[in-house]
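[1] Just to be clear, the model below is a prediction. Sequence and coordinates:
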Amino acid sequence: MSVNEVKIKRAATAFELRGTGPPTSRTFVLGDEDHTLGNALRHVLINDARVDFAGYCVPHPSEPVVHVRVQTSKNAKRAMGKAGGDDEEEMIEQNDGGNDGPLTAIEALKEACATLSNQCDIVLEKLEGAATEVVADRERMDRLVEEDRMNEEEEEVEDEL
């Protein structure tokens, strides 16, 4: 390792749930993440009408963690019907289908993660269709990530000896 290289330290935990009180309000600590994921999750969460507040922070630049705060509306239902739909009975059936109680912060984060993942898949699919060199670059990056993972495992084994 040269003088100018910096080895990024890993987070102590991959995921931590913080907060007491109502299940509609929680803080999630995501390890080995930064502003990229924090801002994207915040954006998806805040666009959900059932979420009252969504925010994130990176406590310190040298800490590889991001804190995501989620507060959902206490009267928002888990399974929402069509917004502004004509069939009121269908909306009631969807809301009464075993989903009593408000949308929890954990459920809101799960939905936001699924939405963000789907959006990334769509963008990647369109990008790969438009620029074939992206496919080759992605395969090369996957190989490099795998090599890095193997090198880290070898270093851990050497450190144990």
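    Received, thanks.

[2] Off-centre distance for the lengthiest helix in the chain?
    The residue-count maximum for a helix in the chain (DSSP state H) belongs to helix 132-160. Helix 132-160 has its average C-alpha position 22 Å from the chain's average C-alpha position, going by CA atoms, centre = their mean, to the nearest Å.

[3] And the average pLDDT for it is what?
    When pLDDT is averaged along helix 132-160, the result is 87.

[4] how about that helix: buried residues?
    The neighbour-count criterion (16 or more other CB atoms under 10 Å) identifies no buried residues in helix 132-160. The C-beta positions use only the backbone N, C-alpha and C, and glycine is treated the same way.

[5] burial count for Leu103?
    24 (other CB atoms under 10 Å).

[6] pLDDT value on it, please?
    Residue-level confidence at Leu103 comes out at 94, pLDDT.

[7] Could you tell me the phi and psi values at it?
    In this entry, Leu103 is assigned phi and psi values of phi -70, psi 130 (degrees, to the nearest 10).

[8] How much space separates it from Gly21?
    Distance, Leu103 to Gly21, by CB to CB, to the nearest Å: 16 Å.

[9] cool, and Phe53?
    From Phe53 across to Gly21, the span is 14 Å (CB to CB).

[10] Same drill for those two, tell me which one is more crowded.
    The residue with the greater number of neighbours, taking Phe53 and Gly21 and applying other CB under 10 Å, is Phe53; the counts read 14 against 7.

[11] The more buried one and Val70 touch, don't they?
    Yes. Distance between Phe53 and Val70: 7.3 Å, which falls inside the contact criterion (CB atoms under 8 Å).

[12] can you give me the strands in this protein?
    For the chain, the strands identified by DSSP state E occupy 15-18, 25-31, 51-57, 65-72, in order along the chain.

[13] Now distance to Gly38 and mean pLDDT too, for the ones you listed, in CSV please.
    Compiled in CSV, those are given as follows (distance: least, CB to CB, whole Å; pLDDT from 0 to 100):
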stretch, distance to Gly38, mean pLDDT
strand 15-18, 14, 94
strand 25-31, 8, 97
strand 51-57, 4, 97
strand 65-72, 4, 97
